[in-house]
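Peer 1: quick one: sequence and predicted model below, then my questions.
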Amino acid sequence: MSTLEIRDLHVSVETKEGPKPILRGVDLTINAGEVHAIMGPNGSGKSTLAYSLAGHPKYTITGGTVTLDGADVLEMSVDERARAGMFLAMQYPVEVPGVSVSNFLRTAKTAIDGEAPALRHWVKDMKAAMENLRMDASFSERSVNEGFSGGEKKRHEILQMELLKPKIAILDETDSGLDVDALRIVSEGVNRVTATGEVGTLLITHYTRILRYIKPDFVHVFVDGRIAEEGGPELAERLENEGYDRFLTHA
């Protein structure tokens, strides 16, 4: 069972005025089988945490540690983090013209496992996952994210999550831009993966609506680059009713 440990993480980003601190000491432990929801107002550092964990070069780690099963994540390159079992579903997935979804996914699976999956089993698994996500079979031959709707992009992200089977999944505002039907289908996909008990999930969101479908074990409120409060699902319900004003007033 895998564990991601974040200790006193500090992150800054370069601006015209010089380095700007974004994360100011984040402590968080995510175990396989757990769903952690990160909530907070705009600019609080939620997405910075996601991209810093994934190794985005825009963000500079200025302090703290991140380990996955004891291994130093911050010493790993982006591809090494992916092979170690870290997965990021981006808020705005990029287009990859000329690369089909099927080739992209099988290449990624090969890179992670160190060997290509048996074609017969792979095709069967991908077909089943796509059917669960209400994706037409022709989707697999389209170029990655090229011309995709918002809902198709998010379904593709969850398709990756289902097939690549990460140890830690970081979902950055997966509910952004989804209608009610797409939100339900995407959430069902996340729930299928988390139900295995083999993945720890970090779910970043502004709103509580996705938490009606994906039940978090823990809720963490981000304010000004720190975790201001932690609790269970009841904390999300309180945020639904009260918003973030009480945190911003005392931040």
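Peer 2: Thanks, I have it.
Peer 1: mind listing the strands for this protein?
Peer 2: 3-15, 18-31, 35-39, 59-68, 71-72, 86-89, 96-100, 143-144, 168-172, 200-204, 218-223, 226-231 (DSSP state E).
Peer 1: in TSV, list those along with distance to Gly45, mean pLDDT and mean neighbour count.
Peer 2: For the C-beta atoms, the positions are set from N, CA and C on the backbone; glycine is no exception. Shown next, in TSV, are those (distance: least, C-beta to C-beta, whole Å; pLDDT from 0 to 100; neighbours: other C-beta atoms under 10 Å):
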stretch	distance to Gly45	mean pLDDT	mean neighbour count
strand 3-15	8	96	17
strand 18-31	5	95	16
strand 35-39	9	96	24
strand 59-68	10	97	17
strand 71-72	22	98	12
strand 86-89	16	92	24
strand 96-100	28	88	12
strand 143-144	29	88	18
strand 168-172	12	95	25
strand 200-204	10	96	25
strand 218-223	5	95	22
strand 226-231	8	94	16
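Peer 1: now those in JSON lines, with distance to Ala111?
Peer 2: Output for those, formatted as JSON lines (distance: least, C-beta to C-beta, whole Å):
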{"stretch": "strand 3-15", "distance to Ala111": "20"}
{"stretch": "strand 18-31", "distance to Ala111": "23"}
{"stretch": "strand 35-39", "distance to Ala111": "26"}
{"stretch": "strand 59-68", "distance to Ala111": "17"}
{"stretch": "strand 71-72", "distance to Ala111": "18"}
{"stretch": "strand 86-89", "distance to Ala111": "13"}
{"stretch": "strand 96-100", "distance to Ala111": "14"}
{"stretch": "strand 143-144", "distance to Ala111": "15"}
{"stretch": "strand 168-172", "distance to Ala111": "17"}
{"stretch": "strand 200-204", "distance to Ala111": "21"}
{"stretch": "strand 218-223", "distance to Ala111": "31"}
{"stretch": "strand 226-231", "distance to Ala111": "33"}
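Peer 1: give me every residue that touches the closest residue to Gly189 other than its chain neighbours.
Peer 2: In space, Gly189 comes closest to Ile158 once its chain neighbours are excluded; the distance is 3.9 Å by C-beta to C-beta, 6 or more residues apart in numbering. Residues near Ile158 by C-beta atoms under 8 Å, 6 or more residues apart in numbering: Ala89, Leu133, Thr174, Val186, Gly189, Val190, Val193.
Peer 1: and Gly25, by the same measure?
Peer 2: Contacts of Gly25 (C-beta under 8 Å, 6+ apart): Asp8, Leu9, His10, Gly63, Gly64, Gly225, Arg226.
Peer 1: what is the nearest of the contacts of Ile158 to Leu248?
Peer 2: Thr174 (24.7 Å; C-beta to C-beta).
Peer 1: was I right about that closest one contacting Ile210?
Peer 2: Yes: if you go by C-beta atoms under 8 Å, Thr174 and Ile210 touch, sitting 6.9 Å apart.
Peer 1: mutual contacts of the two, please.
Peer 2: By C-beta under 8 Å, 6+ apart, the residues touching both Thr174 and Ile210 are Leu203.
Peer 1: next one: the closest residue to Leu23 other than its chain neighbours from Ser100, what distance?
Peer 2: Counting by C-beta to C-beta, 6+ apart, Leu23 lies nearest to Val11, which is 4.0 Å off, once chain neighbours are set aside. Here the criterion is C-beta to C-beta, to the nearest Å. By it, Val11 lies 35 Å from Ser100.
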